[in-house]
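Participant: structure here, sequence nowhere to be found:
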């Protein structure tokens, strides 16, 4: 049945369909067509999947007279069973904005960006690139991509960067949102890749959500969870979040911890699992290493100890531990509340520890989803555009490097592998210091999204770096570029992408891009051709010329690795009712729903993606140190000691600020800010303040307030709501009065992900709101006090 869909701004999750454990999630096909367009007037429906969160909902694009006119969910897709969230339903409208970039631009001698033709723009890029290579070598070049491109584009970028230029300076804005997901998985299991699947929701007895607010970040995923929670055999729900989110209001236990104290909480939960005898000793002995070290590390981390640090009741910690320790099936999800906070990788790895201690992994209802934030963050990591070697290969394993050298037919020493790949924050520091002089930014807006925004803008405006930006819209970052290239978006190109639970979708081109815009694949193929990149035989380094050829190149690269796509072809994706989960091979021809059900993990020295890191310092372990652990296919239990955050409240700055997301906007609003229904629901920033904190300042709903940190300040109306006392929350989407004016240039030692959730601030009331409410949503965590749904 297809629904035109009731008001999905007022109700982001849609009509509930409560279900019992073990039953398949029911279908509900959501559809939205442009005003005046009836279903029978659609010329064709084109296969795709949503690209406005990491859920990866299957959908079809409606096309009429060569234009997008709507979308509908795909009923046969196991990810969403036809459902779409607000961004999926309305986000496509932003692509029809009149300010889309249509022609290349270059900065003239007077400092202005002016339109030009492709030949002139590409000639300038290539000339500057070749000059720097000849003068100072490949370390002058850096690339900063996105979590919203496609496999074909990421893999092409990885090949030209690693085997063409030979630069280690490659990363994406995925570093800012979910790099910790990859790090935590690698540290525990030896390789990236989610063990669980969304289908575990239908089987589980307990849901644990750590710093994850799917009601706003993945609305369809929350609808799925909610349908189980409202069914006849409701699972327990435990929520770790300082804010009173929709998830928290549904929870059996809500642990509203102080920002920056996640690891203390996790160590207390672990201590309880061990002390209460809830450990599956047979599983731990057979399938893990490190239990004695972990047990010793948490022995004194009692609930009472953690309660004082985290600011929550010891009885609530005990109850949460009991639910985890006694439930037959447990599913955990983790997101930015852990990833963007203090001791990020250490805290997230403890979630893995809990599942390993109880043997709750790889079977229906028992899984871990170290969530992604962006729709193709997984592909950025898999394909090596984030700096890692493609196919989850280990940069410190000479045999892995040689595999790529053989595949690409280049000398092994051409591929940079003398140290860990350069992470995004270090790349921008190199730009700031003047050693990176050529920076190509694709599909990202770091002038708004990087921490300490004033410093980021100054870095991007530097005269010492030649900056190229590929984007679909004018942004705060394109305004600082030397060359701007108009890029095609979703629905305007063909390619594949993989969501959080490893489901691969094919998105077919539905309409032509506007003006002279090109796909990132075509742009990078043109750059590689003009640069003259060749292999050892003198042939083109990159032999493919179209998306399917690039994808087949990626299939070959992934073969035999944990993320094996070798049996997922374009043909199979076109024929499938939905997506296909990797690994998909001759041995698993229908794909693989869950990983590690056999108790075997990719931790051997020959196969692992990393030899591991010191979770406190980020120092890398050598192969010899790794081999000494004798993991031999076992998972590794990773202990870590809690340390207080270096950014703490003090007399001058008595509050802690968290940044984050709202249900109606996406990243820096380059897309959703141009979709009228979405933007009207959250048009400008606000500051969430608890009633307890608002009172002493004399702040009431809608008053204009100024939030100040040691780095900068922002001003916005106040929303009085249910955030934890002692904290404020600011959405990060808005370039005007940016939340990142407040944040600090500080990152996790292992994942190198910036710490956005712990900034010491102070408040100042600037004036009355004159009875007008803040421009914040009235649903979700920002719902005004007293109006929570």
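Facilitator: On my side now, so go ahead. Note that the coordinates shown come from a computational prediction; the quantities given were computed from them, not determined experimentally.

Participant: how about residue 335, nearest residue that isn't a chain neighbour?
Facilitator: Leaving aside its sequence neighbours, residue 335 sits nearest to residue 212 (Cβ to Cβ, 6 or more residues apart in numbering; 3.8 Å). For the C-beta atoms, the positions are set from N, CA and C on the backbone; glycine is no exception.

Participant: do the same with residue 767
Facilitator: Spatially, and ignoring its direct neighbours in sequence, residue 767 is nearest to residue 704 (4.8 Å; Cβ to Cβ, 6+ apart).

Participant: and the residue nearest to residue 335, what does it touch?
Facilitator: Counting by Cβ atoms under 8 Å, 6 or more residues apart in numbering, residue 212 touches 241, 247, 333, 334, 335, 336, 337, 371.

Participant: could you measure from the fifth one over to residue 648?
Facilitator: Meaning residue 335. Per Cβ to Cβ, to the nearest Å, residue 335 is found 24 Å from residue 648.

Participant: ditto for the third one
Facilitator: Residue 333 sits 28 Å away from residue 648 when distances are taken as Cβ to Cβ.

Participant: before we move on, back to that, neighbour count winner among residue 335 and residue 648?
Facilitator: residue 335 (30 against 14; other Cβ atoms under 10 Å).

Participant: need the per-residue pLDDT for that one.
Facilitator: pLDDT recorded at residue 335 is 98.

Participant: who are the contact partners of it?
Facilitator: Neighbours of residue 335 in contact, by Cβ under 8 Å, 6+ apart: 178, 210, 211, 212, 213, 214, 217, 371, 373.

Participant: residue 606 - nearest residue in space that isn't next to it in sequence?
Facilitator: Nearest residue to residue 606, sequence neighbours excluded (Cβ to Cβ, 6+ apart): residue 399, at 7.1 Å.

Participant: burial of that neighbour, as a residue count?
Facilitator: With other Cβ under 10 Å as criterion, residue 399 counts 10.

Participant: any idea how far it lies from residue 405?
Facilitator: Distance from residue 399 to residue 405, by Cβ to Cβ: 10 Å.

Participant: do the same with residue 120
Facilitator: Residue 120 is 36 Å from residue 405, by Cβ to Cβ.

Participant: more neighbours: these two, which one.
Facilitator: Set side by side, residue 120 and residue 405 show more neighbours around residue 405, with 21 against 13, by other Cβ under 10 Å.

Participant: can you classify the more buried one by secondary structure?
Facilitator: Recorded secondary structure, residue 405: helix (DSSP: H, G, I helix; E, B strand; the rest coil).

Participant: before we move on, back to that, what's the burial count for the residue nearest to residue 767?
Facilitator: Neighbours of residue 704 (other Cβ under 10 Å): 18.

Participant: can you tell me which residues contact it?
Facilitator: Here residue 704 is in contact with 715, 716, 717, 718, 765, 766, 767, 768, 769 (criterion: Cβ under 8 Å, 6+ apart).

Participant: quick one: which helix or strand includes residue 21?
Facilitator: For residue 21, there is no helix or strand it lies in under DSSP states H and E.

Participant: nearest residue to it in space, please, no chain neighbours.
Facilitator: Take residue 21 and drop its neighbours on the chain: the residue closest to it by Cβ to Cβ, 6+ apart is residue 233, 4.9 Å away.

Participant: for that neighbour, phi and psi?
Facilitator: The phi/psi pair for residue 233 (degrees, to the nearest 10) reads phi -130, psi 70.

Participant: tell me how many other residues surround it.
Facilitator: Count around residue 233 with other Cβ under 10 Å applied: 11.

Participant: thinking again about what came up before, how much space is there between the residue nearest to residue 767 and residue 454?
Facilitator: 21 Å.

Participant: shouldn't residue 693 be in contact with residue 721?
Facilitator: No - assessed by Cβ atoms under 8 Å, residue 693 is found out of contact with residue 721, at 11.1 Å.

Participant: more neighbours: which of these two?
Facilitator: Ranked by neighbour count (other Cβ under 10 Å), residue 693 and residue 721 place residue 721 first, with 26 against 20.

Participant: can you verify the residue nearest to residue 606 is assigned to a helix?
Facilitator: Yes - counting by three-state DSSP, residue 399 is found in a helix.

Participant: how about the helices in the stretch 351-500 of the chain?
Facilitator: Secondary structure of the stretch 351-500 of the chain (DSSP state H, counting those that start in this stretch): helices at 377-383, 398-408, 424-433, 446-449, 453-460.

Participant: helix, strand or coil: sort out residue 332 for me.
Facilitator: Quick answer, by three-state DSSP: residue 332 is strand.

Participant: OK, contacts around it?
Facilitator: Taking Cβ under 8 Å, 6+ apart as the criterion, residue 332 is in contact with 207, 208, 209, 210, 351, 354, 355, 367, 368, 369.

Participant: can you tell me how far it is from residue 56?
Facilitator: For residue 332, the distance to residue 56 equals 19 Å [Cβ to Cβ].

Participant: same thing with residue 167?
Facilitator: On the measure of Cβ to Cβ, residue 167 and residue 56 end up 30 Å apart.

Participant: between these two, who's got more neighbours?
Facilitator: The residue with more neighbours, out of residue 167 and residue 56, is residue 56; 31 against 24, by other Cβ under 10 Å.

Participant: that one touches residue 503, doesn't it?
Facilitator: Yes - Residue 56 sits in contact with residue 503 when judged by Cβ under 8 Å, with a separation of 5.7 Å.

Participant: between these two, what contacts are shared?
Facilitator: Counting by Cβ under 8 Å, 6+ apart, the residues touching both residue 56 and residue 503 are 79, 579.

Participant: centre-most residue in this protein?
Facilitator: For the chain, the residue whose C-alpha lies nearest the mean C-alpha position (Cα atoms, centre = their mean) is residue 373; its distance is 2.7 Å.

Participant: from memory it sits against residue 147, does it?
Facilitator: Yes - counting by Cβ under 8 Å, residue 373 touches residue 147, with 7.0 Å between them.

Participant: buried sites along stretch 220-234?
Facilitator: By neighbour count on 16 or more other Cβ atoms under 10 Å, the buried set for stretch 220-234 is 220, 221, 222, 223, 224, 225, 226, 227, 228, 229, 231, 234.
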